[in-house]
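Participant: Here is a sequence with its predicted model. Questions after.
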Amino acid sequence: MISPEQITGLILAGGRAQRMGGIDKGLIPFNGKPLIASAITRLKSQVGPIFINANRNVTKYASYGFPVIMDETPDFSGPLAGFAAGLKVCNTPYLLTTPCDSPLLPTDLGLKLATEMIRGDFQLVYASSKEADGKIWAQPVFCLMRTDLQESLKTFLQKGDLKIDRWFKELRCSTVVFDDAQVFANVNTPEELKRLEEASA
Ligand SMILES: Nc1nc2c(ncn2[C@@H]2O[C@H](COP(=O)(O)OP(=O)(O)OP(=O)(O)O)[C@@H](O)[C@H]2O)c(=O)[nH]1
Ligand SMILES: [Mg+2]
């Protein structure tokens with residue numbers, strides 16, 4: 001059994017949000033509150049410490065009361081750079097990541113991924129969604145990993161690779177399928193933001 005106190009939460013808000021016109025996605029309003037606020041609300045009871053990973057507007061993110069960490073490389077090299085920054089500061093045995101732009105994220109994310117991790121003695125467990133047409137989609141940034149993967153990720157990134165699925169392939173890895181795909185709905189464009197606000201208001 002893994003308890004929430006053994007898990008550090010990491011909210012990934014370090015992207016460029018190019019499809020949103022380059023504005024800082026975590027700070028845009030979703031139903032009247034910045035997107036990051038919804039992520040914090042849903043993650044809070046699932047973990048002990050929380051870190052926010054951001055590369056811009058650090059002071060604004062810090063106003064939510066959690067430490068803000070930046071990627072080590074300033075080149076927006078993708079979510080694995082955020083994972084690496086999180087693993088570096090993580091003082092608990094497990095790290096749970098979630099993006100800042102999925103305001104409906106599952107409130108049982110940590111519990112389900114942790115149950116699978118223990119069941120199979122995995123190093124990393126990520127979420128997948130079952131779409132309306134029955135297809136299964138990987139949701140790799142919703143991910144529980146052992147903190148002792150820090151060296152593995154460092155070595156992987158030093159090779160110049162940035163692809164999340166290629167790192168996962170090096171590990172004892174599993175996934176948990178969530179039947180309600182809506183919980184992973186994420187906001188990449190202004191149109192998606194509007195649609196999701198209407199659907200969840
Ligand atoms: N730390 C960090 N996180 C990133 C980086 N790029 C993307 N992410 C995060 O990974 C998650 C999924 O990425 P996207 O939804 O593609 O977000 P994005 O890259 O900001 O948006 P686009 O530029 O439109 O692709 C989001 O939570 C991003 O904040 C990065 O370079 N560093
Ligand atoms: Mg992206």
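Facilitator: Structure's in. What do you need? Ligands and ions are numbered 1, 2, ... in the order given.

Participant: When you work out contacts or count neighbours from here on, use the C-alpha atoms and nothing else.
Facilitator: Noted.

Participant: following the helix or strand encompassing Val141, which helix or strand shows up next?
Facilitator: Element membership of Val141 [criterion: DSSP states H and E] is strand 136-146. Counting by DSSP H and E, the next helix or strand C-terminal to strand 136-146 is helix 150-158.

Participant: May I have that following helix exported as CSV, CA atoms only?
Facilitator: Only the C-alpha atoms of helix 150-158 are listed here, as CSV (Å, rounded to 0.1, in the frame of the first residue of the first chain):
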residue,chain,number,x,y,z
GLN,A,150,16.2,10.0,-11.2
GLU,A,151,19.4,8.5,-12.6
SER,A,152,17.7,6.6,-15.3
LEU,A,153,16.0,9.7,-16.6
LYS,A,154,19.1,11.8,-16.3
THR,A,155,21.0,9.2,-18.4
PHE,A,156,18.2,9.0,-21.0
LEU,A,157,18.1,12.8,-21.4
GLN,A,158,21.9,13.0,-21.6
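
Participant: Is there any residue in that helix that contacts ligand 1?
Facilitator: No: Helix 150-158 lies out of reach of ligand 1 by Cα under 6 Å from any ligand atom, never closer than 12.7 Å.

Participant: so what secondary structure elements neighbour that helix?
Facilitator: In terms of contacts (3 or more Cα pairs under 8 Å, 6 or more residues apart in numbering; DSSP states H and E), helix 150-158 is packed against helix 79-89.

Participant: One more pass at 10 Å, please.
Facilitator: helix 79-89, helix 164-169 (3 or more Cα pairs under 10 Å, 6 or more residues apart in numbering; DSSP states H and E).
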